[in-house]
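[1] my questions concern the predicted model and sequence given below.
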Amino acid sequence: MFDPFIAPSGTLLGLLQRGRGDGTLHALAAPRPEALAALNHCVVSDPRHDWQVENRSLYYARLYLDLDGGIEEIERHLADPDDHIDTDDSRTGLALSVLGHLASYGRDDALALLRRYAATGANWAWALDELALRDDDAGLRSLALPVLARFPATDQGAADLAAAVRDSFEPRPWRLWADDPRAAVGARVRAAGEQGSFDRWQRQMRPGGPRPGWSVQAVFDWAQQALERGSELHVPAARCLSAVAGPDDLPLIVEAARSGPEGARCAALHYLAEAGDPAVLDLVEAAAASPVRTVADTAIAAFERMTCDDAVERARRWAHRPDALGAS
């Protein structure tokens with residue numbers, strides 16, 4: 001990326017490029033077309049020397065609101081053919097962040113443009129993260145097929161999809177899509193999520209020490225070690241269990257859910273709830289009464305994700321309980 005051209009500090013453009021507070025005052029005092037031209041220039045030609053350490057999007061978004069400015073120039077910038085040639089985040093990141101702030105202020109045109117760009121643009125992942133914070137469930141679900149179409153049904157496509165799910169800043173869209181009943185959506189995203197959890201697990205193994213094998217006990221140890229370091233990785237650990245656990249491992253998982261160490265117990269509860277194992281409801285009831293807050297909260301969270309008939313029947317029985325199980 002070339003260093004941006006920065007106008008003299010005494011000009012309106014120079015003030016806005018530097019993010020100066022008095023730049024807003026000068027913009028509001030200037031003729032509106034001149035102010036909007038300077039603002040658009042800043043947003044489509046990012047003036048920051050290092051976009052990763054300078055936050056400027058809210059500053060520009062509020063100025064768009066103050067000037068009642070349209071987003072036509074941003075749309076032209078995002079639709080430019082260069083979008084699929086120069087795919088560096090620095091080309092479109094500021095424009096997408098500004099659109100995100102505008103959408104949060106109720107600008108439907110900004111929300112619609114983010115949706116279109118997420119479906120067709122090169123920097124779709126950034127746009128999707130912006131939408132994850134601002135869009136409703138229906139809007140996000142409508143993007144499932146366009147986004148997944150970017151990943152062909154090949155080994156490389158599956159690996160790229162797993163990396164996209166694993167590295168996303170905002171997991172909300174992927175969680176919605178994982179619940180989609182269509183095999184082309186839900187099944188693909190769930191498989192990608194499981195692979196991403198394994199990738200994350202492998203990356204966090206200490207390279208200097210012994211590496212555990214692909215076993216249920218290794219997953220339990222990883223979950224426990226993470227908890228001792230202050231990270232709750234029960235759900236990723238449960239996804240790992242889904243891939244490594246076989247029928248012979250069920251007694252070990254049930255025992256961990258009943259009386260295992262805190263991290264292992266939480267991972268086992270999530271796994272059994274996801275699998276709909278008949279034993280999990282009694283285990284959830286026991287865990288919910290645990291004096292260990294993490295275990296009790298995990299039991300409630302795992303139960304709330306269950307949708308089988310047995311879980312519904314148990315919820316009816318627990319409805320009058322005065323504790324958290326009754327509220328769930």
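    Structure received. Residues are numbered from 1 along each chain as shown.
[2] so who does the residue nearest to the spatial centre of the chain touch?
    Geometric centre of the chain, nearest residue: residue 170, 1.7 Å, by C-alpha atoms, centre = their mean. Neighbouring residues of residue 170 by C-beta atoms under 8 Å, 6 or more residues apart in numbering: 128-129, 132-133. Just so you know, the C-beta spots here come from the backbone N, C-alpha and C atoms, and that holds for glycine as well.
[3] any idea how far apart the tips of stretch 159-179 sit?
    End-to-end distance of stretch 159-179: 20 Å, with C-alpha to C-alpha, to the nearest Å as the criterion.
[4] and the helices in the stretch 1-150 of the chain?
    12-17, 21-29, 32-44, 57-67, 72-79, 89-104, 108-120, 124-134, 137-141, 144-148 (DSSP state H, counting those that start in this stretch).
[5] just want the angle from the fourth one to helix 72-79.
    If I follow you right, that is helix 57-67. Between helix 57-67 and helix 72-79, the angle comes out at 140 degrees (axes from the mean of the first three to the mean of the last three C-alpha atoms, to 10 degrees).
[6] measure the nearest residue to residue 242 once chain neighbours are set aside to residue 154 for me?
    Of all residues beyond its chain neighbours, the one nearest residue 242 is residue 194 (5.9 Å), with distances taken as C-beta to C-beta, 6 or more residues apart in numbering. Distance, residue 194 to residue 154, by C-beta to C-beta, to the nearest Å: 18 Å.
[7] counting neighbours, go ahead and name the busier of these two.
    Between residue 194 and residue 154, residue 194 has the larger neighbour count (other C-beta atoms under 10 Å), namely 19 against 9.
[8] if we can go back for a sec, just want the phi and psi numbers for the residue nearest to the centre of the chain.
    Dihedral pair for residue 170: phi -120, psi 110, per degrees, to the nearest 10.
[9] quick one: which helix or strand includes residue 268?
    Following DSSP states H and E, one finds residue 268 within helix 262-275.
[10] and that helix, what other elements does it pack with?
    helix 216-228, helix 234-244, helix 250-259, helix 280-288, helix 293-304 (3 or more C-beta pairs under 8 Å, 6 or more residues apart in numbering; DSSP states H and E).
[11] so that helix versus helix 234-244, what angle?
    For helix 262-275 against helix 234-244, the angle by the same axes, to 10 degrees is 60 degrees.
[12] residues in contact with residue 6?
    Taking C-beta under 8 Å, 6+ apart, we find residue 6 in contact with 14, 17-18, 47.
[13] can you list these in JSON lines and add pLDDT, distance to residue 37 and neighbour count?
    Listed next are the contacts of residue 6 as JSON lines, based on pLDDT from 0 to 100; distance: C-beta to C-beta, whole Å; neighbours: other C-beta atoms under 10 Å:
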{"residue": "14", "pLDDT": "90", "distance to residue 37": "14", "neighbour count": "17"}
{"residue": "17", "pLDDT": "90", "distance to residue 37": "13", "neighbour count": "24"}
{"residue": "18", "pLDDT": "90", "distance to residue 37": "17", "neighbour count": "16"}
{"residue": "47", "pLDDT": "90", "distance to residue 37": "14", "neighbour count": "22"}
